[in-house]
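A.B. asks: The sequence isn't on hand, but the structure is:
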């Protein structure tokens, strides 16, 4: 059976890893004390560290799946990177521990009583950890899960550690230093991998740029003969965000501009799966296009900023996101109160449904542009939607959630009357 046919999720794999390492760790400790094998005891303690490592990975994956909220407009993806960082630290500690045990064995003479049970548990440990490592590498790469890849390195190190313990058990009566030499090699490998994983995850935590993604973006733009005037990327957890500013001839029609950006967007998203969000802006038209992909390969948000819905404007148009007749906490909503003001008077006040609303993607920015809003009053708005709307000259005012709509309207009437 190939890995592609095994249906499993990163979270369930982490749970399996926790219980398997816990069982193996207890058995290694029992046989280690029974036989007097310090290397087997150390390997049992190492498996105990793995239990903690797998549990941290499980927590990181669980937290990273939480949806966007008011406090975390970019989601919780970095929780996964933070978990991976702790796993890398544990991997390094395990390597140092092996160094310590190997050095101690050189200076202390200890006798080991071989037993079939000890050898069997070490062999079983090797196969279990190697299978877990391969599964974690495969699904960590498939789901772009850095913490799972880090934990896979830990499982692979455990498998190698089991080989070292097996060699030590088999040859310790003939060559007393073999246990220490193998432990030094495994410890060196673990420290090396801890450094590599830690460096990659630190880049993600610090929002470092993704040079590989930038190069692929440049190649795709070059293939479409599109000049890039500005390109910026940053890693957020396992994903990459990109901001691209392209140059287009100022005499191009709006329809042509839309076609170019849509084609470019489609090529970028289909060829660079790491991209979670793309912002394409055009200097000549000061136009922004935003696409959000909560899951790789699933495209749900797309700007089409030249539609028109609703009745003609009679003055300055202000919109409020509402829910059950009150001001909604989020900008994206099913309904909006649309108000037209002129000379301090309300000329139009009606509730209009958002025809673009979807549960996972309310398309508030698309509605605001289509309704031709001049101003938005809301309790909370995401940074991408805000930038998108401000590129179209739409004013945004953030207010506390306890404000009443009637109170806000009276304030707007006074402001509008003063301005005119």
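C.D. replies: Perfect, thanks for sending it. Note that the structure is predicted; figures quoted are calculated from it, not measured. Residues are numbered from 1 along each chain as shown.
A.B. asks: could you give me the average pLDDT of the longest helix anywhere in the chain?
C.D. replies: When the chain is parsed with DSSP state H, its longest helix is helix 78-107. Average pLDDT, helix 78-107: 73.
A.B. asks: Same check on stretch 353-366?
C.D. replies: pLDDT averaged over stretch 353-366 gives 82.
A.B. asks: gap between the two ends of that stretch?
C.D. replies: 13 Å (C-alpha to C-alpha, to the nearest Å).
A.B. asks: Who are the packing partners of whatever helix or strand comes next after the longest helix of the chain?
C.D. replies: Following helix 78-107 in sequence order, the next helix or strand is helix 116-142 (DSSP states H and E). Contacts defined by 3 or more C-beta pairs under 8 Å, 6 or more residues apart in numbering; DSSP states H and E place helix 116-142 against helix 10-35, helix 38-64, helix 146-171. Every C-beta, even on glycine, is put in place using the N, C-alpha and C of the backbone.
A.B. asks: What is the distance between the last one and the centre of its chain?
C.D. replies: Just to be clear, that refers to helix 146-171. In this view, helix 146-171 has its centroid 28 Å away from the chain centroid, taken as C-alpha atoms, centre = their mean, to the nearest Å.
A.B. asks: Which strand residues bridge the nearest residue to residue 408 once chain neighbours are set aside?
C.D. replies: Excluding its sequence neighbours, the residue lying closest to residue 408 (C-beta to C-beta, 6 or more residues apart in numbering) is residue 377, at 6.2 Å. Following DSSP bridges, residue 377 is listed with bridge partners residue 397.
A.B. asks: cool, and residue 230?
C.D. replies: residue 245.
A.B. asks: What of the one 10 residues further on?
C.D. replies: Note on residue 240: beta-bridge partners residue 235, residue 275, judged by DSSP bridges.
A.B. asks: Need the pLDDT of it.
C.D. replies: pLDDT for residue 240: 79.
A.B. asks: do the one 3 residues further on as well
C.D. replies: Reported pLDDT at residue 243 in the predicted model: 84.
A.B. asks: helices or strands next to the helix or strand where it lies in the packing?
C.D. replies: Per DSSP H and E: residue 243 is located in strand 239-247. The contact analysis (3+ C-beta pairs under 8 Å, 6+ apart) places strand 239-247 against helix 211-223, strand 227-236, strand 275-282.
A.B. asks: relative orientation of the helix or strand following it and helix 211-223 in degrees?
C.D. replies: As assigned by DSSP H and E, the chain's next helix or strand after strand 239-247 is helix 254-271. Interaxial angle, helix 254-271 versus helix 211-223 (axes from the mean of the first three to the mean of the last three C-alpha atoms, to 10 degrees): 140 degrees.
A.B. asks: mind listing the strands for the stretch 301-420 of the chain?
C.D. replies: Per DSSP state E, counting those that start in this stretch, the stretch 301-420 of the chain carries strands over the ranges 316-323, 326-327, 335-342, 345-353, 375-378, 395-398.
A.B. asks: so which of those gets nearest residue 279?
C.D. replies: Across the strands of the stretch 301-420 of the chain, the minimum distance to residue 279, taken as C-beta to C-beta, is reached by strand 395-398, at 16.8 Å.
A.B. asks: List the buried residues in the closest one.
C.D. replies: Of the residues in strand 395-398, residue 396 count as buried by neighbour count, 16 or more other C-beta atoms under 10 Å.
A.B. asks: what's next to that strand, contact-wise?
C.D. replies: 374-381, 386, 389-390 (C-beta atoms under 8 Å, 6 or more residues apart in numbering).
A.B. asks: Can you say which of these are buried?
C.D. replies: Looks like these have 374-381, 386, 389 buried, using 16+ other C-beta under 10 Å.
A.B. asks: Let me know the closest of these to residue 232.
C.D. replies: Among those, and counting by C-beta to C-beta, the member closest to residue 232 is residue 386, at 17.4 Å.
A.B. asks: What is the most widely separated pair among the contacts of strand 395-398?
C.D. replies: 374 and 380 (20.0 Å).
A.B. asks: sorry, back to before: comparing the helices and strands packed on helix 116-142 by mean pLDDT, which bottoms out?
C.D. replies: helix 38-64 (a mean of 67).
A.B. asks: Residue 394 is in contact with residue 367, isn't it?
C.D. replies: No: using C-beta atoms under 8 Å, residue 394 makes no contact with residue 367, being 11.3 Å away.
A.B. asks: Neighbour count for the two, which is higher?
C.D. replies: residue 367 (28 against 19; other C-beta atoms under 10 Å).
A.B. asks: For that one, give its distance to residue 159.
C.D. replies: 55 Å (C-beta to C-beta, to the nearest Å).
A.B. asks: And residue 9, by the same measure?
C.D. replies: 23 Å.
A.B. asks: So what's the predicted local confidence for residue 131?
C.D. replies: 88.
A.B. asks: ugh, wrong one, residue 326
C.D. replies: pLDDT at residue 326 comes out at 85.
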